[in-house]
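Trainee: model this:
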Amino acid sequence: MANFGVQLLGSIGAAFRSAGVIYVASTAGSNRRINAYEMNVGQVAAAYASTDTSMLWDVSRIGASATLASTLVTPNPMDGTATAAALSTYSNNATAEAVVTTQGNGLSLYSWPINQRGFNRWRALDDGDNIVVPSVTQNGLAIRMLCSLGAQAFSGIGTLAFGEA
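Mentor: Now for the predicted structure:
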């Protein structure tokens, strides 16, 4: 399995905004399953001055979506000698969101409420705990965030580590 790391990055608002979206690319015959095994999430910049606020981070499944508008990012191979590039497509800093699935179909697989000054790390304890995305075109994950106070002068930031098999 090839392993990759990529930055989560996004602006914060009162509605969910994606800091990272990863999905199976539409390259016929070369799709791989995505196995997310680690996520670190937090915020960067000065804390909101007048109120100590909370953030909610969320990981949900997505399907085919024509609404996603975001910045494409090339994942970094974790093994510096690897020559294979990631076959999945990754983007961050979404300005228009992907369509998220419904409850019972992958909505809010994981959620982390954290203080604006805090961070959280999720790591699969073993391979059986990975979040697996099937090798079906346009299936993927959205790592989203929101703030109860709405748009803030700080950004959501973190790292996603995933493998492809």
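Trainee: And for residue 84, the neighbour number?
Mentor: Counted by other CB atoms under 10 Å, the residues lying close to residue 84 total 11. Every residue, glycine included, has its C-beta placed from N, CA and C.
Trainee: Excluding chain neighbours, what is closest to it?
Mentor: For residue 84, ignoring the flanking residues on the chain, the nearest one in space by CB to CB, 6 or more residues apart in numbering is residue 2 at 5.3 Å.
Trainee: now do residue 113
Mentor: residue 56 (5.2 Å).
Trainee: any idea how far the one you found lies from residue 152?
Mentor: Distance, residue 56 to residue 152, by CB to CB, to the nearest Å: 13 Å.
Trainee: Looking at those two now, which is surrounded by more residues?
Mentor: Shown here are residue 56 and residue 152; by other CB under 10 Å, residue 152 has more neighbours (20 against 15).
Trainee: OK, contacts around the more buried one?
Mentor: Going by CB atoms under 8 Å, 6 or more residues apart in numbering, residue 152 touches 12, 43, 48, 53, 116.
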